[in-house]
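[1] Predicted model and sequence below, questions to follow.
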Amino acid sequence: MTKTLRYVFNRLQGPQSHTCDEVLIKDALHAPQALLWQGKTGLVVPRTYAQNPNFETCQSVLAQQGWPISVRQSGGGVVPQGPGIWNLSLAWRQYGRPLDHAENAYKLLCAPIQNALQDCGVHSNTQAVPGSFCDGRFNLAVQQQGVAKKIVGTAQVWRRVSGPAIPAMPARQAGDPSDWHVVLAHALILLDVDLATVTQLANQVEKHLSRSTRYQMQRTYDLGRLGVSPELFLQRLQQHVQQQSAPHDQFLPSR
């Protein structure tokens, strides 16, 4: 019988550096991890943005406005951090090829959030929301007058690591990309946010970097506008994460 594993759960108080995800990846070598946290006020971009020749100038300009720019490991686009924004990070050790399991990782991340939203009377679905910042296929969105509005953004990182000693593991063949990884799945949740300000700031970044991408405030929403109590939602989210079975060290053969 397969043993049911639960996440080692922590809810951090006070603003945290975005590098707390790095700590989570290390801790996941020993047990599956779940972290509910808030970031320090600022903007976070993927590593590809840091390679832009105008990036340092952009950092300086936004820092002078009180919105320093940090670089994260995952892909996507510009995202805000700060008051009214919460993050859920899940990390576990997984065998296989990332492309075979990435969709399931997103589903594992979205499930407790959707359940918590449902407890608060909010129905959400996974979908792309063109025009929202850091758009992706596994956003969580709500429908407002027939228009999808993003309330949660998601991303993930797979980092190759040494796996546990499991005698039943098949031998890898030459050229086989399957291996052990730590999976970090991350959700950014808009609870009570000045959407006009964060959208304008995200557009500033894109403009300074001479990128054509522009974001539209009307494609995002937050739980405050839906009449949801932030503390009630966070309590429900914590409950659902703690009840969820973690996929840590499950051998899932590539399909």
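    The structure has been received and is ready for your questions. Numbers count the residues shown, from 1 in each chain.

[2] so residue 183, which of the three states?
    Classification of residue 183 into helix, strand or coil gives strand, according to DSSP: H, G, I helix; E, B strand; the rest coil.

[3] Tell me what it is bridged to.
    Beta-bridge pairing of residue 183 under DSSP bridges involves residue 92, residue 158.

[4] Quick check: end-to-end length of stretch 142-152?
    Across its full length, stretch 142-152 reaches 10 Å between end residues, using C-alpha to C-alpha, to the nearest Å.

[5] my guess is residue 244 meets residue 7, correct?
    Yes. Taking contact to mean C-beta atoms under 8 Å, the distance of 7.1 Å between residue 244 and residue 7 places them in contact. Quick note: C-beta positions are derived from backbone N, CA and C, even for glycine.

[6] State the helix or strand in which residue 53 lies.
    For residue 53, there is no helix or strand it lies in under DSSP states H and E.

[7] list the contacts for it?
    Residue 53 is in contact with no residue at all, counting by C-beta atoms under 8 Å, 6 or more residues apart in numbering.

[8] how near is it to residue 124?
    According to C-beta to C-beta, to the nearest Å, residue 53 stands 39 Å off from residue 124.

[9] Setting aside sequence neighbours, what's the nearest residue to residue 126?
    In space, not counting the residues next to it along the chain, residue 126 is nearest to residue 138; the distance is 5.0 Å by C-beta to C-beta, 6 or more residues apart in numbering.

[10] Point out where the chain drops to low pLDDT.
    Flagging of the chain using pLDDT under 70 yields the residue ranges 1-4, 165-177, 250-255.

[11] As a check, name the ranges of all helices in the stretch 101-250 of the chain.
    Assigned by DSSP state H, counting those that start in this stretch, the stretch 101-250 of the chain shows helices spanning 195-208, 230-243.

[12] could I get the ones you listed as CSV with mean neighbour count?
    Converted to CSV, the helices of the stretch 101-250 of the chain look like this (neighbours: other C-beta atoms under 10 Å):
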stretch, mean neighbour count
helix 195-208, 19
helix 230-243, 16
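
[13] quick one: the helix or strand hosting residue 80 to chain centroid distance?
    Under the criterion of DSSP H and E, residue 80 resides in strand 79-81. The chain centroid and the centroid of strand 79-81 are separated by 11 Å, computed with C-alpha atoms, centre = their mean, to the nearest Å.

[14] ok, the spatially most central residue of the chain - contacts?
    Among the residues of the chain, the one closest to the centroid is residue 186, at 2.2 Å (C-alpha atoms, centre = their mean). For residue 186, the contact set (C-beta under 8 Å, 6+ apart) comprises 21, 74, 87-90, 109, 154-157.
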